[in-house]
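1. sequence first, predicted model second:
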Amino acid sequence: QVQLVESGGGLVQAGGSLKLSCVASGRTFTNLRVSWFRQAPGKEYTYVASIVYDTGSTYYADSLKGRFTISRGDARNTVYLQMNNLKPEDTAVYYCAAKRGSIAFLLHDYNYWGQGTQVTVSS
């Protein structure tokens, strides 16, 4: 059984930074695509970023390029999301998800996802 656990969320002022972590148990991220999604209050899940774990190739939602960076850890079961210059509209629950095969931009296409971590950005 694969489990994903997100951490690192919290309350931050606008302009601040947070680094989220996603740790897998039960297997490593080898041969998987790992993505971050977020869900703002009352809204649908939206795509944030992806990494092809074996190659390190990354993909981002156009609106977040330059502020968010997805990266992989050394232990092969960790992925990070560095978020800089945070804005109140970044307030959401952030979810880590992983899948086999090609990158996907909808959460329901993923095989595994975590319970999320809350990020709140105050103005």
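-> Everything's here; your move. Bear in mind the structure is a predicted one, so any value in this text is a computation, not a measurement.
2. and the residue nearest in space to the middle of the chain, how far is that from residue 103?
-> Closest to where the C-alpha atoms of the chain average out (Cα atoms, centre = their mean) is residue 36, at 2.5 Å. With the distance defined as Cβ to Cβ, to the nearest Å, residue 36 ends up 12 Å from residue 103. (Glycine included, C-beta is placed from N, CA and C.)
3. again, but for residue 15
-> Taken as Cβ to Cβ, the span from residue 15 to residue 103 is 30 Å.
4. the more surrounded of the two?
-> residue 103 (15 against 11; other Cβ atoms under 10 Å).
5. joint contacts of residue 36 and residue 103?
-> Common neighbours of residue 36 and residue 103, counting by Cβ atoms under 8 Å, 6 or more residues apart in numbering, are residue 50.
6. now the chain, which segments are flagged as low pLDDT?
-> In the predicted model, the chain carries no residue with pLDDT under 70.
7. all strands of it, in order?
-> Assigned by DSSP state E, the chain shows strands spanning 3-7, 10-13, 18-25, 33-39, 45-52, 58-60, 68-72, 78-83, 92-99, 112-113, 117-122.
8. and the spatially closest residue to residue 96 that is not a sequence neighbour, what is it in contact with?
-> Nearest non-adjacent residue to residue 96, counting by Cβ to Cβ, 6 or more residues apart in numbering: residue 22, 3.3 Å away. Counting by Cβ under 8 Å, 6+ apart, residue 22 touches 4, 5, 6, 34, 36, 78, 79, 80, 81, 96, 114.
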